[in-house]
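1. Got a sequence here, can you build the structure:
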Amino acid sequence: MPERPLLPERLRPKSIRAKVVTLLTVPVVSLMALWGHAAVTTASQVSATEQLKEINSALIRPISDFTTAVQAERTAAVAHRAAPSAATESALDAAVSRTDKTVTALRSGIASDTTDIAALDASLPDRIKRLQDSARALTATRASAKDRTTGADALLARYTTAVERAFAVRTGLSGAERGERNEARSDSRDVIELARAREALSRQDAVLGAARATGAMSPVQYRAFVGDVALQRELTRAAVPDLKPPHAGAYHQVLDAEAASRVTEAQDAVLNAGAPPVPWAP
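-> Just a heads-up that it's a prediction; the model follows:
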């Protein structure tokens, strides 16, 4: 295995927690990629009937792609907000470009869908409108990341709101899937719970990106990290056993992968290191 290049002195971690944050970043990205592949495989099996295929093509898949893109953009934006540089700005611009493509596909899907959405769930039209509002609001959110007019926690929250609104639409659409029972398909609620578990992992990734950029993890970031580790683990523990065997197998491949073991070990190390001291002034 080739030697890892040394970080510049200013970026070298100076505490056990900072070292763990650096080690955790790479396996988190790898695990999220594996998790996303398993999610796509399982979701495609859930949507089997003609109506569900249309919903999947017009809404579910574009919403899933939008969610994944916003999660990646959130990480890039928070890292750039924490320690702006030409490299972090370039990474953010690339993430923005990918997200914009998913927004275009999402709008096209919403416009082309012929399903009576309100018949599936009366709240869906309003949920879709809120999601579209969040997509439009990304322009202002990105500007605030670049000019640093919004705090890191508020910036994280803005992106997270967009993700949560995507989940709200996805949850509303699950009514159609539950109406089409098939013993070979996993329940859409379990698929959504696992998507939420991946979102908790993505939020950890965003917090880690900011901590790695600044060389420190704030008490607020630590509390958010602890909560998201607990949420990710609980959702996964509860949902995977309820999946149908082929789908459970896909997730077990993810959870048994080396990246997952490295993430768990590093998460535990961060948790065991305890909260960083809270700045205090008399």
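2. Output the below-cut-off pLDDT ranges for this protein.
-> Residue ranges of the chain with pLDDT under 70: 1-54, 56, 114, 175-187, 277-282.
3. and Ser85, backbone torsions?
-> Per-residue torsions, Ser85: phi -160, psi 170 (degrees, to the nearest 10).
4. should've said Ala257
-> phi -70, psi 160.
5. same thing with the one 3 residues further on?
-> Ala260 adopts backbone torsions of phi -70, psi -40, taken as degrees, to the nearest 10.
6. same thing with Asp121?
-> The phi and psi values for Asp121, taken as degrees, to the nearest 10, are phi -160, psi 120.
7. Look up the closest residue to it, ignoring the ones flanking it.
-> Gly172 (4.0 Å; C-beta to C-beta, 6 or more residues apart in numbering). C-beta here means a position set from N, CA and C on the backbone, and glycine is covered the same way.
8. and that neighbour, how far is that from Ser144?
-> Counting by C-beta to C-beta, to the nearest Å, the gap from Gly172 to Ser144 is 29 Å.
9. what about the two, which has more around it?
-> More crowded of Gly172 and Ser144, by other C-beta atoms under 10 Å: Gly172, with 20 against 16.
10. quick one: that one and Leu120 touch, right?
-> Yes - the criterion here is C-beta atoms under 8 Å, and Gly172 meets it with Leu120 at 6.8 Å.
11. Can you get me a residue count around Ser90?
-> Neighbours around Ser90, by other C-beta under 10 Å: 12.
12. all numbers from here: first residue = 52
-> Sure thing, new numbering starts at 52, so read that last one as Ser141.
13. Tell me the spacing between it and Arg284.
-> Relative to Arg284, and taking C-beta to C-beta, Ser141 is found at 34 Å.
14. Please apply the same query to Phe117.
-> Taking C-beta to C-beta, one finds Phe117 at 26 Å from Arg284.
15. Show me which of those two is the more surrounded one.
-> Phe117 (26 against 15).
16. What helix or strand is the more buried one located in?
-> helix 112-133 (DSSP states H and E).
17. Please identify the buried residues of that helix?
-> 112-133 (16 or more other C-beta atoms under 10 Å).
18. In the stretch 202-333 of the chain, what residue spans correspond to helices?
-> Listed in chain order, the helices of the stretch 202-333 of the chain (DSSP state H, counting those that start in this stretch) span residues 203-229, 239-265, 270-290, 296-306, 309-324.
19. In terms of secondary structure, what does the last one contact?
-> Same thing as helix 309-324. helix 67-97, helix 270-290 (3 or more C-beta pairs under 8 Å, 6 or more residues apart in numbering; DSSP states H and E).
20. Return the set of buried residues in it.
-> By 16+ other C-beta under 10 Å, the buried positions in helix 309-324 come out as 310-311, 313-314, 317-318, 320-321, 324.
21. okay, the angle between that helix and helix 296-306?
-> 60 degrees (axes from the mean of the first three to the mean of the last three C-alpha atoms, to 10 degrees).
22. just how off-centre is helix 309-324 within its chain?
-> Chain-centre distance of helix 309-324: 18 Å, with C-alpha atoms, centre = their mean, to the nearest Å.
23. Need the nearest residue in space to Ala262, chain neighbours excluded.
-> Spatially, and ignoring its direct neighbours in sequence, Ala262 is nearest to Met268 (4.1 Å; C-beta to C-beta, 6+ apart).
24. Isn't the one you found up against Pro327?
-> Yes - the pair Met268 and Pro327 passes the contact test of C-beta under 8 Å, sitting 5.8 Å apart.
25. out of those two, which sits in the busier spot?
-> More neighbours surround Met268 than the other of Met268 and Pro327, with 24 against 17 (other C-beta under 10 Å).
26. May I have the phi/psi pair for the more buried one?
-> Main-chain torsions, Met268, degrees, to the nearest 10: phi -110, psi 120.
27. Distance check, it against Arg125.
-> Relative to Arg125, Met268 is positioned 17 Å away (C-beta to C-beta).
28. what does Pro296 give?
-> The value you get for Pro296 to Arg125, if C-beta to C-beta is used, is 34 Å.
29. what do you get for His303?
-> For His303 relative to Arg125 (C-beta to C-beta), the value is 28 Å.
30. before we move on, back to that, which one, of the helices of the stretch 202-333 of the chain, ends up nearest to Thr153?
-> Thr153 lies closest to helix 203-229 among these, at 10.2 Å (C-beta to C-beta).
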